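Chemist: the following comprises the amino acid sequence and a computationally predicted model.
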Amino acid sequence: QLYFHIPKIESEQNIAITNVELTETQEDFYKIAIDLQKFGEGEASTALQVYNGNLAVAKSVVKLNANTQRVSITLPKLPFSGYVQITDNALAYDNNFYFEIAAPQKFKVLLVGETERNVSLRKIFGTTEFDLTETDIRGLDYAVIGKQQLIILNEIPEFTPTLVANLLEAVENGVNLSIVPRETLSAEAYKVILEKLQLSATASAKSKKLVTGITFESELFQVVFEKKIDNFQYPFANPSFTISGRTLPLLTFADGSAFLQAVKLGQGHVFLFNAGLSSPNSNFYQSPLVVVTFDRMATGNNSAGLQQFEIFGEQEKIVDLNLETDQVAHIVNRAEKSYDFIPKQRINGKKLYLNFGEAPTVAGNYDLLFEGKAIDKMSFNYKRNESDVSARFDIPSVAKEIDSFEQLLSEFSAARDNSGFWRTLA
């Protein structure tokens with residue numbers, strides 16, 4: 001006989017922290033949004049504190065009338081490694097949410113193209129947020145390719161096999177690549193790189209088309225727009241190609257064909273424009289879309305901003321080591337130094353790839369140690385899939401539900417006193 005016991009809960013009401021997001025960054029402060037969810041009937045309230053390390057930096061009392069509520073908190077713009085904490089009388093595992101806010105870093109961008117064609121892109125990446133390296137194709141140093149966040153091939157005249165091999169290796173290791181074709185580039189010349197991506201290109205009859213569609217749910221744009229917009233200032237372009245294969249359209253023309261599309265390769269992405277962007281072939285450089293599009297290409301794969309990982313979530317983290325080594329990294333819980341583990345990892349060149357599908361098992365703030373030194377900070381949280389304390393479990397049909405362990409002992413005792421029971425065992 002299979003017995004099944006579901007412990008009785010003292011309260012069917014529970015409050016959980018389900019997420020924390022960095023919503024605004026100013027010169028002197030951060031603004032974070034804390035998402036709370038209430039399970040069960042009736043109103044509820046909770047004390048809420050934000051800790052940077054062991055120091056409380058913000059406090060509030062939150063009253064939840066609806067099932068979900070977002071709370072905005074302003075924090076001083078300092079290195080942050082801590083957690084949000086609430087207090088309720090139900091489950092404890094979902095009362096803390098650990099996270100890091102990484103120090104601002106410069107994003108490395110390599111712009112490959114002719115000086116006169118690079119003017120608009122130079123303006124976008126010439127700010128203090130980016131570390132821009134500019135070169136023409138003849139002066140390209142292949143040794144710097146793997147050290148970038150983004151490489152832009154801006155209307156270069158041709159793609160050589162050596163160039164393509166070096167670029168795609170970098171993409172597989174986490175570098176993003178953006179290709180803006182020259183308006184005179186032939187489909188045959190484009191094929192050198194497209195075939196390596198299992199894509200093909202056919203020449204298009206050049207005609208002016210408006211860019212009217214944005215894939216808001218894509219990784220490139222999903223955190224940019226608060227809501228979908230359909231009345232922005234439409235840029236135009238004269239497309240040179242139609243690219244076929246398994247890609248994700250990011251920006252589309254009014255007829256549904258792609259203007260910008262992406263393909264994932266290893267840890268990075270290749271972004272493919274179907275038209276040259278220089279005037280008079282396009283006015284995309286005058287569109288508000290151009291800044292956010294290229295900015296996200298450079299910053300989207302990056303660890304800057306708020307960071308947190310889900311326990312057993314199979315996420316991967318990429319760390320720049322700036323040296324080639326065969327040493328092993330390990331992770332230490334900052335509150336419980338004895339909790340030290342070695343995650344799955346591999347080193348490719350000067351990049352360290354960490355996978356957290358199997359460990360850690362305990363939520364908290366952690367230090368990433370390499371060669372005995374802390375090189376990064378990380379935070380891990382439990383999944384919130386057990387926060388609904390009122391949810392009922394499905395009891396197997398072959399099982400008998402019991403109210404307590406004492407009931408189980410009583411049934412065993414009754415069975416022991418049954419002589420037929422003992423004859424069955426004999």
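Modeler: Structure's in. What do you need?

Chemist: what helix or strand is residue 410 on?
Modeler: helix 405-417 (DSSP states H and E).

Chemist: now swap in residue 202 and tell me
Modeler: strand 200-203.

Chemist: before we move on, the earlier item: now the helix holding residue 410: average pLDDT?
Modeler: The predicted model gives helix 405-417 an average pLDDT of 69.

Chemist: helices of the stretch 51-200 of the chain, start to end?
Modeler: With DSSP state H, counting those that start in this stretch, the ranges of helices along the stretch 51-200 of the chain come out as 119-125, 161-172, 187-194.

Chemist: kindly report the same for the stretch 301-426 of the chain.
Modeler: 405-417, 419-425.

Chemist: excluding residues flanking it in the chain, which one is nearest residue 368?
Modeler: Once flanking residues are discounted, residue 368 sits nearest to residue 376: 4.1 Å by CB to CB, 6 or more residues apart in numbering. For every residue, glycine as well, the C-beta is placed using N, CA and C.

Chemist: contacting residues for the one you found?
Modeler: 319, 367, 368 (CB atoms under 8 Å, 6 or more residues apart in numbering).

Chemist: the last one: how many residues sit nearby?
Modeler: I take that to be residue 368. Number of residues near residue 368 (other CB atoms under 10 Å) recorded here: 19.

Chemist: any idea how far residue 354 is from it?
Modeler: 8 Å (CB to CB, to the nearest Å).

Chemist: avg pLDDT for the strand holding residue 202?
Modeler: Here the average pLDDT along strand 200-203 is 88.

Chemist: which other helices and strands does that strand contact?
Modeler: Where contact means 3 or more CB pairs under 8 Å, 6 or more residues apart in numbering; DSSP states H and E, strand 200-203 is packed against helix 187-194, strand 241-244.

Chemist: make CSV from these and add mean neighbour count, distance to residue 18 and mean pLDDT to it.
Modeler: Shown next, in CSV, are those (neighbours: other CB atoms under 10 Å; distance: least, CB to CB, whole Å; pLDDT from 0 to 100):
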stretch, mean neighbour count, distance to residue 18, mean pLDDT
helix 187-194, 18, 42, 89
strand 241-244, 18, 39, 88
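
Chemist: just the CA coordinates of stretch 133-152, formatted as CSV?
Modeler: Taking C-alpha atoms only, stretch 133-152 is exported to CSV below (Å, rounded to 0.1, in the frame of the first residue of the first chain):
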residue,chain,number,x,y,z
THR,A,133,38.5,50.9,-32.4
GLU,A,134,38.2,52.0,-36.0
THR,A,135,40.1,50.5,-39.0
ASP,A,136,39.7,49.9,-42.6
ILE,A,137,39.7,46.3,-43.9
ARG,A,138,43.4,46.5,-45.0
GLY,A,139,44.6,47.5,-41.5
LEU,A,140,42.5,45.0,-39.5
ASP,A,141,44.4,43.3,-36.8
TYR,A,142,42.9,39.8,-36.4
ALA,A,143,44.3,39.5,-32.8
VAL,A,144,41.8,42.1,-31.5
ILE,A,145,38.7,40.4,-33.0
GLY,A,146,38.0,38.1,-30.0
LYS,A,147,38.3,40.9,-27.5
GLN,A,148,35.2,42.9,-28.6
GLN,A,149,31.6,43.0,-27.6
LEU,A,150,30.6,44.0,-31.1
ILE,A,151,32.3,44.0,-34.5
ILE,A,152,30.7,46.0,-37.4
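
Chemist: distance from the chain centre to that stretch, please.
Modeler: Taking CA atoms, centre = their mean, to the nearest Å, the mean C-alpha location of stretch 133-152 is offset from the chain mean by 25 Å.

Chemist: residue 316 pairs with what?
Modeler: Beta-bridge pairing for residue 316 (DSSP bridges): residue 355.

Chemist: look up the pLDDT of it for me, please.
Modeler: 79.

Chemist: go on, residue 116?
Modeler: Looking at residue 116, its pLDDT reads 93.

Chemist: burial of it, as a residue count?
Modeler: Around residue 116 there are 7 residues (other CB under 10 Å).

Chemist: how close does it sit to residue 212?
Modeler: 30 Å.

Chemist: and what of residue 13?
Modeler: 48 Å.

Chemist: what of residue 71?
Modeler: Taking CB to CB, one finds residue 71 at 37 Å from residue 212.

Chemist: next: residue 33.
Modeler: 31 Å.

Chemist: check which residues of stretch 284-295 are buried.
Modeler: 284, 285, 287, 289, 290, 292, 293, 294, 295 (16 or more other CB atoms under 10 Å).

Chemist: how about stretch 245-261?
Modeler: Within stretch 245-261, the residues that qualify as buried by neighbour count (16+ other CB under 10 Å) are 247, 248, 249, 250, 251, 252, 253, 257, 258, 259, 260, 261.

Chemist: identify the residues contacting it?
Modeler: 194, 197-200, 209-215, 218, 220-221, 237, 239, 242-243, 262-263, 271-275, 289, 293.

Chemist: stretch 50-70 now?
Modeler: Contacts for stretch 50-70 (CB under 8 Å, 6+ apart): 15, 18, 32-39, 43-49, 71, 73-76, 78, 80-86.

Chemist: what about 7 Å?
Modeler: 15, 33-38, 43-49, 71, 73, 75-76, 80-85 (CB atoms under 7 Å, 6 or more residues apart in numbering).

Chemist: distance check, the residue lying closest to residue 203 once chain neighbours are set aside against residue 38.
Modeler: Excluding the flanking residues, the one nearest residue 203 by CB to CB, 6+ apart is residue 187, at 4.8 Å. Using CB to CB, residue 187 is found at 57 Å from residue 38.
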